[in-house]
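K.L.:
take this sequence and fold it.
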Amino acid sequence: CVAIAALCHVKSLVEGSCSQVDQIWSVSPVLFLLYITFFDPSFPSPHPRLLLLSALVTVWGCRLTYNFARKGGYAGEEDYRWPVLRRIITNPWAWRLFHIGFISLYQNVLLLLIILPALQASKSPIDWSKDGPLAVCFCLLVLGETVADQQQWDFHQRKKKGGKPGD
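P.N.:
Numbering: from 1, shown residues only. The predicted structure follows:
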């Protein structure tokens, strides 16, 4: 997590854009959980619950990544928030501390915290009578989000072309 934060910080300095963490927001939790599932020495073989959670989180991450990419999130443009905050935080040293502490480090720690409940879940065996319905529910929610993503995309595409919302 700290290494990823450092890479994000260096890349943002090189590229002049603070949106590096935004670009990995949907990928990092997937990678963190896959690492824990397959490479963490405290789990000599993949735990069945971690395998299930890894699959679910990967589906979630793919949906977010696809949606972010088609909106141009990987085009290299900086998110609107960072120039606004630069105008508020005018002291160069205060900005550097904010950039290192919040943008690079804190946001990456949040991405790690997203998957930490999986460690607690791995302390008990998988129970398909409970875990199965929850996994199905999760998949249905992701499907609903995917439909909503597409509807929002269609709406904005029509708006760009001058169409009306009901068209």
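K.L.:
so how far is the top helix by length along the chain off the chain centroid?
P.N.:
Looking across the chain with DSSP state H, the single longest helix is helix 128-160. Chain-centre distance of helix 128-160: 16 Å, with CA atoms, centre = their mean, to the nearest Å.
K.L.:
show me what that helix packs onto, helices and strands only.
P.N.:
helix 48-70 (3 or more CB pairs under 8 Å, 6 or more residues apart in numbering; DSSP states H and E). All C-beta atoms are positioned from the backbone trio N, CA, C, and that covers glycine.
K.L.:
got the confidence number for the nearest residue to residue 79 once chain neighbours are set aside?
P.N.:
Excluding its sequence neighbours, the residue lying closest to residue 79 (CB to CB, 6 or more residues apart in numbering) is residue 19, at 4.7 Å. pLDDT recorded at residue 19 is 88.
K.L.:
which ones are touching residue 19?
P.N.:
12, 77, 78, 79, 82 (CB atoms under 8 Å, 6 or more residues apart in numbering).
K.L.:
give me the lowest-pLDDT entry from the residues you listed.
P.N.:
Within the contacts of residue 19, pLDDT is lowest for residue 77, at 83.
K.L.:
okay, it and residue 136: tell me how far apart.
P.N.:
Using CB to CB, to the nearest Å, residue 77 is found at 38 Å from residue 136.
K.L.:
do the same with residue 56
P.N.:
10 Å.
K.L.:
same drill for those two, tell me which one is more crowded.
P.N.:
residue 56 (17 against 10; other CB atoms under 10 Å).
K.L.:
is the residue nearest to residue 103 when sequence neighbours are not counted in a helix, a strand, or coil?
P.N.:
Spatial nearest neighbour of residue 103, chain neighbours left out: residue 18 (5.2 Å); criterion: CB to CB, 6+ apart. When classified by DSSP: H, G, I helix; E, B strand; the rest coil, residue 18 comes out as coil.
K.L.:
verify the stated contact: residue 18 with residue 80.
P.N.:
No - the criterion here is CB atoms under 8 Å, and residue 18 misses it with residue 80 at 11.0 Å.
K.L.:
the more surrounded of these two?
P.N.:
Neighbour totals were compared for residue 18 and residue 80, and residue 18 leads with 24 against 9 (other CB under 10 Å).
K.L.:
ok, residue 112 - how many residues close by?
P.N.:
Residues lying near residue 112 (other CB under 10 Å) number 16.
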